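Chemist: return a 3D structure for these sequence lines:
(chains A, B, C and D)
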There are 2 protein chains.
Amino acid sequence: MDTKSLIIEIATTLFQQKGYKGVGLNEILKVCYVTKGSFYHHFPNGKEELLIACLQLMEEAITKDIEDIFNQFQTTQEAIHAMIEKLVDDFEREGTITGYTFSSMVSEMASLSESVRNACSSLYTKIQEIYSNKLVEDGFSKEMGYSIALMMTAFIEGGMMLCITQNASAPLKTISDVLPYLLKENE
Amino acid sequence: MDTKSLIIEIATTLFQQKGYKGVGLNEILKVCYVTKGSFYHHFPNGKEELLIACLQLMEEAITKDIEDIFNQFQTTQEAIHAMIEKLVDDFEREGTITGYTFSSMVSEMASLSESVRNACSSLYTKIQEIYSNKLVEDGFSKEMGYSIALMMTAFIEGGMMLCITQNASAPLKTISDVLPYLLKENE
DNA sequence: GTCTATATAAAGATAGAC
DNA sequence: GTCTATCTTTATATAGAC
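Modeler: Got it, this is the predicted structure:
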């Protein structure tokens, strides 16, 4: 793999685990076996440029992943259930949630950098579109589909936050169990 | 006000706005007109000790605030509606959400400091207990009350995250509109 | 495109006078 | 309890050889 992609891949994981400010450039480059000089050749605008590149990679990876799951299942309910199950598995295996979330980047950087905020916003919008389209297929109105997609995103983000805080997968599991009510009773 | 309390108050606001790593000690102390020497007299263990103190202050302030709102209204549904409305108002007025959230602290620090994670966990538990108790008053079973309280917390946290990301209050408003379905149809 | 060496600024923290 | 001055480490970033 070329140097630039390598840096982006490794930095993405580290940012997701420890947040943007929680990882120093030195740490990233040490893991990559890449030097400062090489880094600034690929990212002349430094660390923030790297973050934006990572957010774009996340956008691709996350949307692809979610789309795959949503294509595998007939209904939104089944798909979202499978999705959360996967998050829970990852969390129980690795101890951290690296997929489908970038909340640390949002909460750290949204107030500090407009371009980072926009990249995050774009990502959430993409995810919600996938949900929303599936919900319309399921028979929901466009408006209702939009609202529920928004809620689902908030739900999952909040659930991940609680899992990280409690260092336990129970919150996401509970949410996964209760979500069907949301989807069924409004159809 | 005594120096220690002053530092805690100002630091709390700054941490909520910019996250823990987003604010330097220098910045905090400059706003307080307090010197390093004085700071380390009150907080021998430095910045992380200050953060813990801030989280405790938040715990008091947030629980008191939410309890007041919940005492003002008959049902959970009305209370939570008023609560979200207050969040939305604050956001529209100030541009940032400083109340009821500390997600930046969680996502930045949970993987790095166990004692910070515990303080955050305690805070979420307290909030959920308030919801849960009210829900039991409303006629829900203890188990159902617990699940719904968890969901509500996840919902609101996720909603705030989306508001910050989109720099708009729409997400929380949508959530506020749709929440009644969750509470009504399971009663 | 990659390297080493260096610059520069900011972080958190300490020492000791008052 | 508060002050100034200082220390140490780490951060991001740059210069210039190869």
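Chemist: gap between the residue of chain A most remote from its centre and B:Asn71?
Modeler: Most distant residue from the mean C-alpha position of chain A: A:Gly37, 30.4 Å away (CA atoms, centre = their mean). Using CB to CB, to the nearest Å, A:Gly37 is found at 62 Å from B:Asn71. (C-beta placed from N, C-alpha, C; glycine too.)
Chemist: swap in A:Gly46?
Modeler: Distance of A:Gly46 to B:Asn71, given as CB to CB: 51 Å.
Chemist: same check, this time on A:Glu49
Modeler: In terms of CB to CB, A:Glu49 sits 50 Å off from B:Asn71.
Chemist: the more surrounded of those two?
Modeler: Neighbour count, other CB atoms under 10 Å in any protein chain shown: between A:Glu49 and B:Asn71, A:Glu49 has more, with 14 against 10.
Chemist: my guess is that one contacts A:Tyr40. True?
Modeler: No - applying CB atoms under 8 Å as the test, A:Glu49 and A:Tyr40 come out as separate, 9.8 Å apart.
Chemist: near DNA strand C, which residues of chain A? Just list them.
Modeler: A:2-4, A:33-38, A:41-42 (CB under 7 Å from any atom of the strand).
Chemist: mind checking which of those residues are buried?
Modeler: For the residues of chain A next to DNA strand C, a burial check counting by 16 or more other CB atoms under 10 Å in any protein chain shown picks out A:4, A:34, A:42.
Chemist: what pLDDT, on average, does stretch A:71-78 get?
Modeler: Across stretch A:71-78, pLDDT averages out at 93.
Chemist: report the buried residues of it.
Modeler: Within stretch A:71-78, the residues that count as buried by 16+ other CB under 10 Å are A:75-77.
Chemist: would the strand or helix carrying A:Thr165 count as contacting chain B?
Modeler: Using DSSP states H and E, A:Thr165 sits in helix A:142-166. Yes - using CB under 8 Å from any CB of the partner chain, helix A:142-166 reaches chain B at A:147-148, A:150-151, A:153-159, A:161-162, A:164-166.
Chemist: any idea which of those is closest to B:Asn133?
Modeler: B:Asn133 has its nearest neighbour among the residues of helix A:142-166 next to chain B in A:Leu162, at 18.7 Å by CB to CB.
Chemist: quick one: end-to-end length of stretch A:87-103, please.
Modeler: End-to-end distance for stretch A:87-103, by CA to CA, to the nearest Å: 15 Å.
Chemist: cool, and stretch A:127-146?
Modeler: One end of stretch A:127-146 sits 11 Å from the other (CA to CA).
Chemist: what's in contact with that stretch?
Modeler: Stretch A:127-146 has contacts (CB atoms under 8 Å, 6 or more residues apart in numbering or on different chains) with A:62-63, A:66-67, A:70, A:75-76, A:79-80, A:100, A:148-150, A:152-153, A:186-187.
Chemist: likewise stretch A:5-14?
Modeler: Residues outside stretch A:5-14 that contact it (CB under 8 Å, 6+ apart) are A:1, A:23, A:27-29, A:31-32, A:34, A:39, A:42-43, A:50-51, A:53-54, A:57-58, A:98.
Chemist: what do you get for stretch A:71-79?
Modeler: For stretch A:71-79, the external contacting residues (CB under 8 Å, 6+ apart) are A:69-70, A:82, A:131, A:134-135, A:138, A:179-180, A:183-184.
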